[in-house]
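[1] I would like to see how this sequence folds:
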Amino acid sequence: MPRQVLFISGARGFTVNAIMKDLTSEGYDVQFAQPDIVAVTDLHGYTPEAYVFYIDTDLSTIAPAVLDLAQKVVASRVKTNLYLIGSDEDIEKAKAMLPEGLGVYTFKKPLDVKLLIAAINRNMTDIALNRDHKSILLVDDDPTLLHAMNSWLSEKYTVFMANSGMNAISFLSRTTVDLILLDYEMPVVSGLQVFEMLKGEPSTKDIPVIFLTGKNDKNTIVKVLAAKPERYLLKSLPPKDLLKSIDEFFMWNNL
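    Residues are numbered from 1 along each chain as shown. The predicted structure is shown next:
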């Protein structure tokens, strides 16, 4: 199936048609939309992996549509990039209104379409290589442990980090993941409290949670298991055993 590209522009003139034709010749399924909220989001099953925005309209009039689209792209689990084509001034204005976490590539007018196609091809290849990576959110107040676990897991998984329960909740309001590794003994808002909040929200209740604990005594383990997480892991596990446990979890649960 051809990879899908949504081309956004105020009008479909000669230049826009020429660029779209070149993208189609490269093997992409290209559709056109004007820069309004309905047109760029109500796509009837069309799921672009790239958005090309040819700026030919006053940005102040289309800012709501651009911002709404960008926020939805960031919040989605689909890796997607935005390619801006415009003058130096328009590009800077557009970048200033975009949220963090969005892959943005810029091209000045007049456009060298070969450079645009090369960038899209390169990024599409990267997306394909990483498409099967499961995503994991690490939640722990210990920055040393966070970064250590990130280094152990990131070669195989897409890893996100949060250094507190509330930061984790905030992150998950925008992005979803395949698994949460949650420190049971965090200060202020404990891991158990975070767990209960996650299970109480429709958007996060089905995300599996594995508790991390630094204690191996019977009393702690009983408390951890009473919450009914997917399982628990000791922080003292060697890296290879931690990775093996995560691999087995995804394999056994067919995730």
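
[2] show me where the protein has strands.
    Under the criterion DSSP state E, the chain carries strands at the ranges 4-9, 29-33, 50-54, 81-86, 103-108, 135-139, 158-162, 179-183, 209-213, 231-234.

[3] Export these as a markdown table, with columns for mean pLDDT and distance to Thr15.
    Where C-beta positions appear, they are placed from N, C-alpha and C, glycine not excepted. Shown next, in a markdown table, are the strands of the chain (pLDDT from 0 to 100; distance: least, CB to CB, whole Å):
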| stretch | mean pLDDT | distance to Thr15 |
| --- | --- | --- |
| strand 4-9 | 93 | 9 |
| strand 29-33 | 94 | 13 |
| strand 50-54 | 93 | 8 |
| strand 81-86 | 93 | 9 |
| strand 103-108 | 92 | 13 |
| strand 135-139 | 91 | 38 |
| strand 158-162 | 86 | 37 |
| strand 179-183 | 91 | 46 |
| strand 209-213 | 87 | 51 |
| strand 231-234 | 85 | 56 |
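
[4] Any chance of these in a markdown table with distance to Leu198 as columns?
    As requested, the strands of the chain are arranged in a markdown table below (distance: least, CB to CB, whole Å):
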| stretch | distance to Leu198 |
| --- | --- |
| strand 4-9 | 32 |
| strand 29-33 | 35 |
| strand 50-54 | 31 |
| strand 81-86 | 30 |
| strand 103-108 | 28 |
| strand 135-139 | 10 |
| strand 158-162 | 12 |
| strand 179-183 | 7 |
| strand 209-213 | 7 |
| strand 231-234 | 16 |
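
[5] Let's see the pLDDT reported for Pro202.
    Looking at Pro202, its pLDDT reads 88.
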